[in-house]
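1. let me see the structure of the following:
(2 chains)
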Amino acid sequence: MNWIEIFRSGISTGTVLLIAAIGEILTERSGIQNLGVEGMMLVGAMAGFKIALNTGNVWLGLLAAIAAGGLLSLAHALVTIHFQADQTVSGLSLTFLGTGLALVLGDGLTGMTSPVVPKASIPLLSQIPYLGEVAFADHNLLVYFGYLLVPLTWYYINKTRQGLHLRAVGENPAAADTLGVNIYRTRYLYTFIGGCFAGLAGAAISVASAPGWYSNLTVNGQGWIAVALVIFAHWNPWRAAMGGYLFGVLRRFSLDLQGPRLLFGLANPFFFNTNLVFFLQMAPYLLTIIALIWGSSAARRKRIGSPAALGTPYQRGERGL
Amino acid sequence: MNIPYPVLLKRTEDPAKWLPIVTSVAAVVAAFVVSGIILWVTGANPFTVYSYFYRASFGSWGAFSDVIVKATPLLLIGLGCSLAFRMRLWNIGAEGQFFIGAFMASAVVMVPLVNLDTTPRWAIVSLMGLLGMLGGALYAFIPGILKAKLNINEIIITLMLNYIAVLWNNYWIFGKWSEAGFQMTKTFPKSAWLPRLADYAKDVPAFSGLTLHAGILFGLIASIIVYIIVYRSKWGYKITLIGDNPRAARYAGINIATNTILVFMVSGALAGLAGMTEVSGVVHRLQERISNSYGFSGVIVAWLAKLNPFAVIVVSILFGALLVASREIQPSGISFLIQGITLFLVISSDVLLKYEIKWVRPTQQETAQ
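-> Just a heads-up that it's a prediction; the model follows:
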């Protein structure tokens, strides 16, 4: 087994989860839960791939993906913020809608090859033994974008005035309202931003980490895993990054397990019985469940909860939380 | 509400009785219009597509029988979802529970658990049904207990379990139960088939070729049972109370944890039974593609029916028709698209039930401020 390759690929696939999870963290911090990440990612993956293919310019593809994810999220924003619909049901419908849209508009794209996000190495950092090769050499540019995104988002949420408003809206909208923060506008904005990130995460698959359009298998549940990651991460970008990369590594590791004839000196069962591979393929989903159980018990121990107003519509003049 | 238009939304406690039906129907009609526009944009003629839809689903008795066959799992799953949603439990795992139900039912034939030659057909089929329900219920127990004891988001757990269930089935149909290397089991013997109308074609010639099987009876019986549970039983009252006001339910001494697990298991049992009717009544074997995303469509069916067990029957027939018609329509995402738009419009239209809308002149609004 090639450990360098496992970690490299883990970082590359982890970036997808990271971008989607950071977007969802911003949305949920404002009190809106958007379970439509899977649908927005699919639409983003389709739009990114289609536009990159048609224009020959991958950057336009990324822009299209961001716009597509953002536009789709506005449907969720309108329905949950103004119509006060149930956020769970709306998020699910968004996934259906996104899947349907992506399949219809992405018809005929399978098997095509589009331009992809260029790869680059970071000078100096890539010279560090092992770490350089794993994290700073020959990755697509979105991976480095992911590295920047984590500290920036953390700083924005915790150290800026806008971040304070964001947290206030998610924790205690009535109090934020009395301070003059526009609850509706804030929630619309962060739902939209979350959608943009989800769209970008989709494109991070289709034009970067695993280029191509494979209908709904392109995203294949990663949107849901990103939503789970947000809960696991306690709405903290650093933990989301850690979880995302860890997840990517473990996923690649479990798939690589079927390669060698010998495993820890014993005959490798996955090599000799290919049907057991189905159990390896369960790994990401089992990991998600385990991470949620683990995350929830840690949260209870440390008394960390979800943003207090998460999932509750805000209405002026009604008794809030 | 803070809307910059000359309308005033006033919260209303009791909307008119006819309003939910009108808004649901309007939402479906609007969904077809919006989807039509999208079809038109992508270059298809929506009128051709829709008239094809109609002919393919209601054009003949054979087609209608196919519609009911597709509606059967939707009905069972929709009923299960409607019960869970009433308690605000988001069981999105019907797809997985369906697969495990199908697996357990198939085990009766494949292991085999009984002598297939001597055991009477009714006994084999009943055992398959019971095991299917048991499988679905046990699989739903997992998110149930995690929700009840650790308060873990059941949506994520049920979704992850969906993927795991599909892979679990693959393990069996690609390996141990594979027929000659194909990714499916052998065809079940007739003694493990749910009876279908075509079986009686000798006596009633009109039935020849009709695929309608006895599974729909399970669905109809289940809808009566769910109706009685929800509207006529103490348990149903508790479920509704927990869903509407968990705090009040707790003060009233209702055990929320136990009910969470129970409702999850009943919901899963219905999805498992749906899996059994598919393998025993339709495909007569276990294979990879036994579900048309029934588990997800069931969610929409339940919501569109406003969680009313009898309305679920009507809506599942409508969605069955959509599935039958979309079998041959390309691109394949259209039925997803229509389902997604429908659900969106339905939840948007709920605002009409919660609020009375009054148009106000801007001057009036200004004086109000």
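
2. could you find the closest non-adjacent residue to A:W294?
-> Using Cβ to Cβ, 6 or more residues apart in numbering or on different chains and skipping the chain neighbours, the partner closest in space to A:W294 is A:F232 (7.4 Å). (C-beta placed from N, C-alpha, C; glycine too.)

3. and that neighbour, how many residues sit next to it?
-> Counted with other Cβ atoms under 10 Å in any protein chain shown, the neighbours of A:F232 add up to 28.

4. distance of it from A:N140?
-> Separation of A:F232 from A:N140 (Cβ to Cβ, to the nearest Å) stands at 25 Å.

5. repeat that for A:V207.
-> A:V207 sits 9 Å away from A:N140, taking Cβ to Cβ as the criterion.

6. so which elements touch the strand or helix carrying A:A228?
-> For A:A228, the host element (DSSP states H and E) is helix A:222-232. Using 3 or more Cβ pairs under 8 Å, 6 or more residues apart in numbering or on different chains; DSSP states H and E, the elements in contact with helix A:222-232 are helix A:3-29, helix A:37-55, helix A:183-204, helix A:237-256, helix A:283-302, helix B:154-174.

7. buried ones in the strand or helix carrying B:W40?
-> B:W40 is part of helix B:19-41 when elements are defined by DSSP H and E. Residues of helix B:19-41 classed as buried: B:20, B:23-24, B:27-28, B:30-32, B:34-36, B:38-39 (neighbour count, 16 or more other Cβ atoms under 10 Å in any protein chain shown).

8. what's next to it, contact-wise?
-> Among residues not part of helix B:19-41, those counted as contacts by Cβ atoms under 8 Å, 6 or more residues apart in numbering or on different chains are A:101, A:104, B:45-47, B:49-50, B:304-306, B:318, B:334, B:337-338, B:341-342, B:345-346, B:348-350, B:352-353.

9. C-terminal to it, what's the next element?
-> Downstream of helix B:19-41, the next assigned helix or strand under DSSP H and E is helix B:46-58.

10. that following helix close to chain A?
-> No - Helix B:46-58 lies out of reach of chain A by Cβ under 8 Å from any Cβ of the partner chain, never closer than 11.6 Å.

11. tell me the contacts of B:G320?
-> Applying Cβ under 8 Å, 6+ apart, the residues near B:G320 are B:S57, B:V67, B:I68, B:V69, B:K70, B:A71, B:T72, B:L74.

12. at 7 Å what do you get?
-> B:G320 makes contacts with B:V67, B:I68, B:K70, B:A71, B:L74, as judged by Cβ atoms under 7 Å, 6 or more residues apart in numbering or on different chains.

13. ok, A:V116 next?
-> Contacts of A:V116 were listed using Cβ under 7 Å, 6+ apart, and they are A:V58, A:V207, A:A208, A:P211.

14. what are the buried residues along stretch A:248-259?
-> Applying 16+ other Cβ under 10 Å to stretch A:248-259 flags A:G248, A:V249, A:L250, A:R251, A:R252, A:F253, A:S254, A:L255, A:D256, A:L257, A:Q258 as buried.

15. and what of stretch B:249-260?
-> Result for stretch B:249-260 [16+ other Cβ under 10 Å]: buried residues B:A249, B:I254, B:N259, B:T260.

16. with stretch A:66-84 instead?
-> A:66-73, A:75-84.

17. just stretch A:155-170 next, same as before
-> Buried-residue list, stretch A:155-170, by 16+ other Cβ under 10 Å: A:I157, A:G163, A:H165, A:L166, A:R167, A:A168, A:V169, A:G170.

18. any chance of JSON lines for the contacts of B:G320, columns secondary structure?
-> Output for the contacts of B:G320, formatted as JSON lines (DSSP: H, G, I helix; E, B strand; the rest coil):
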{"residue": "B:V67", "secondary structure": "helix"}
{"residue": "B:I68", "secondary structure": "helix"}
{"residue": "B:K70", "secondary structure": "helix"}
{"residue": "B:A71", "secondary structure": "helix"}
{"residue": "B:L74", "secondary structure": "helix"}
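
19. kindly supply the ChimeraX command isolating those of these that are buried.
-> Here is the ChimeraX command that selects the buried residues among the contacts of B:G320 (16+ other Cβ under 10 Å):
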select /B:67,68,70,71,74
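
20. and the contacts of B:G320 as a markdown table, adding distance to B:G136 and pLDDT?
-> Below are the contacts of B:G320 laid out as a markdown table (distance: Cβ to Cβ, whole Å; pLDDT from 0 to 100):
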| residue | distance to B:G136 | pLDDT |
| --- | --- | --- |
| B:V67 | 24 | 93 |
| B:I68 | 22 | 94 |
| B:K70 | 19 | 93 |
| B:A71 | 19 | 95 |
| B:L74 | 15 | 96 |
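
21. from the contacts of B:G320, pick the one nearest chain A.
-> Closest approach to chain A among the contacts of B:G320 (Cβ to the nearest Cβ): B:L74, at 14.5 Å.

22. residue of chain B closest to chain A, please.
-> B:G333 (2.4 Å).

23. how close does that residue sit to A:I51?
-> From B:G333 to A:I51 the distance is 18 Å (Cβ to Cβ).

24. same question, B:G215
-> Going from B:G215 to A:I51 by Cβ to Cβ gives 45 Å.

25. which one of these two is surrounded by more residues?
-> B:G215 (27 against 24).

26. number of residues surrounding the closest residue in space to that one that isn't next to it in sequence?
-> Nearest residue to B:G215, sequence neighbours excluded (Cβ to Cβ, 6+ apart): B:T277, at 3.2 Å. B:T277 has 30 neighbouring residues, counting by other Cβ under 10 Å.

27. between the buried residues of stretch B:249-260, which sits nearest A:A47?
-> Taking Cβ to Cβ as the measure, A:A47 sits nearest to B:T260 out of the buried residues of stretch B:249-260, at 39.4 Å.
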